[in-house]
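# Below are the sequence and a predicted model for it; my questions follow.
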Amino acid sequence: MNIAFFLIPKKEVVYLHIKCTMRQALEKMEYHKYTAVPLIDEAGHYVGTLTEGDLLWKLKNTPGLSMESTEKIRLDEVPRRVNNTPIYINAEMEDLMSLAIEQNFIPVVDDHGIFIGIIRRREILEYGARLMLDESFKMPRQKTS
């Protein structure tokens with residue numbers, strides 16, 4: 001099976017440009033109710049994942065930083081603690097599964113490192129659950145005495 005089966009294309013994914021401000025990130029993440037989003041650079045390359053925790057730590061560790069002043073802090077100034085490892089679109093299912101164990105979503109890039117979408121752990125689990133359910137209906141029922 002090709003991992004593209006699980007791909008959510010970039011146009012349907014919430015992501016941020018690394019030059020966005022903390023304020024923009026906070027608002028976008030709050031609006032979509034996400035705790036983490038992919039970050040891309042000006043050329044469209046995946047450069048990391050921004051989490052709520054990253055934003056909170058920046059607020060905590062920057063004396064005098066207020067919600068108003070988050071408009072002046074760019075995301076490339078926010079240290080990131082987590083980095084979701086990306087996967088190439090032509091990767092094998094085994095590679096995808098090993099990343100899905102550790103990451104809620106896996107950024108997907110093309111051969112040039114350009115961000116093209118994500119694969120969420122949720123879709124992988126739903127697919128596996130459907131397969132197991134389909135198999136259970138195919139199995140012959142044992143008679144009980």
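Nice, I can see it.
# who's in contact with the most centrally placed residue in the chain?
The residue lying closest to the centre of the chain (C-alpha atoms, centre = their mean) is F105, at 3.7 Å. Contact analysis of F105 by C-beta atoms under 8 Å, 6 or more residues apart in numbering lists A36, P38, N84, I118, I119, R120, R121. C-betas here are computed from N, CA, C, even on glycine.
# and the last one, how many residues sit next to it?
Pointing back at R121 there. Neighbourhood size, R121 [other C-beta atoms under 10 Å]: 18.
# give me phi/psi at it?
Main-chain dihedrals, R121, degrees, to the nearest 10: phi -60, psi -30.
# And for the first one?
Taking degrees, to the nearest 10, you get phi -160, psi 140 for the backbone angles of A36.
# That one against T49, yeah?
Yes: counting by C-beta atoms under 8 Å, T49 is a contact partner of A36 at 5.4 Å.
# The lowest-mean-pLDDT helix or strand in the chain packs against which elements?
Each helix and strand of the chain was given a mean pLDDT (mean pLDDT, DSSP states H and E); the minimum falls on helix 121-138 at a mean of 80. In this structure, helix 121-138 packs against helix 93-102, with contacts taken as 3 or more C-beta pairs under 8 Å, 6 or more residues apart in numbering; DSSP states H and E.
# Taking helix 93-102 as reference, get the angle to whatever helix or strand comes next after the helix it packs on.
Note on helix 93-102: by DSSP states H and E, the next helix or strand toward the C-terminus is strand 105-109. Angle, strand 105-109 to helix 93-102, by axes from the mean of the first three to the mean of the last three C-alpha atoms, to 10 degrees: 140 degrees.
# Give me the distance from strand 105-109 to the chain's centre.
How far strand 105-109 lies from its chain's middle: 6 Å, per C-alpha atoms, centre = their mean, to the nearest Å.
# likewise stretch 98-107?
8 Å.
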